[in-house]
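Novice: Task: produce atomic coordinates for the following.
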Amino acid sequence: MMANDDPRGTAAASAMPGVLSAAAIGAEPAPMSIPDLPGHLLRRCHQIVVALFLDECGAHDLTPLQFAVLGVLRQFGPLDQVTLGGLAALDRTTVAVVLRNLEERGLVVRAQSRRDRRAKIVTITERGADVVIGAEPAAIKAQERALAPLDPDEAAEFVRLLRKLAEGNNDFSRAPQKRR
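Specialist: Below you'll find the predicted structure:
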């Protein structure tokens, strides 16, 4: 198939091995197809997943970020805000805003660290643990709904590829995820 016959346009054809780009043959490049760009598709999928999460978890009054922070605290126990942000892949400002909202609702408490007076230690409260445990089935249902258009093998491969993409580009993030 020649590049000009590719229904995806010249830009897509030029990415295929052995196919010359439009610039290489002196032709004008085809306009970029925004709907087919990986970044655009990831942004759309993020919008969809957030909408599904809010739909499923509405009764628990949690945002996806609040759920993530509570989940990290439940998994690892009390953490300083910087470590918490790293494990949840959130920047300092976002962590502070999420924690303020969770603290106002009595789902977490913050206290000054005994070791480092500049650090705040965050602890999930019993109420916070109850909320995140109660929200887990709804959060799982939201994830299942997001993956519903894929068969089980496709869903597993998609998640594997997303993980590979996220881990491979982690250093480019404003808030790289830290591992424990």
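
Novice: From residue 179, how far off is residue 50?
Specialist: 25 Å (CB to CB, to the nearest Å). Yep, even glycine has a C-beta here, placed from its N, CA and C like the rest.

Novice: same deal with residue 122?
Specialist: Residue 122 is 19 Å from residue 179, by CB to CB.

Novice: Between the two, point out the one with more neighbours.
Specialist: More neighbours surround residue 122 than the other of residue 122 and residue 179, with 24 against 7 (other CB atoms under 10 Å).

Novice: Assumed that one was part of a helix.
Specialist: No - assessed with DSSP: H, G, I helix; E, B strand; the rest coil, residue 122 is strand; it does not lie in a helix.

Novice: Specify the beta-bridge partners of it.
Specialist: residue 79, residue 110 (DSSP bridges).

Novice: what's near enough to touch it?
Specialist: By CB atoms under 8 Å, 6 or more residues apart in numbering, the contact set of residue 122 is 73, 78, 79, 80, 81, 84, 99, 108, 109, 110.

Novice: Please report how far the nearest residue to residue 89 once chain neighbours are set aside lies from residue 84.
Specialist: Closest residue to residue 89 apart from its sequence neighbours, by CB to CB, 6 or more residues apart in numbering: residue 177 at 3.8 Å. Applying CB to CB, the value for residue 177 to residue 84 is 12 Å.

Novice: between the two, which one's more packed in?
Specialist: residue 84 (24 against 14).

Novice: wait, isn't the more buried one in contact with residue 72?
Specialist: Yes - counting by CB atoms under 8 Å, residue 84 does reach residue 72; the two are 6.1 Å apart.

Novice: where's the most centrally placed residue in the chain, which helix or strand?
Specialist: Central residue of the chain (CA atoms, centre = their mean): residue 46, 7.3 Å from the mean position. Per DSSP states H and E, residue 46 falls inside helix 38-57.
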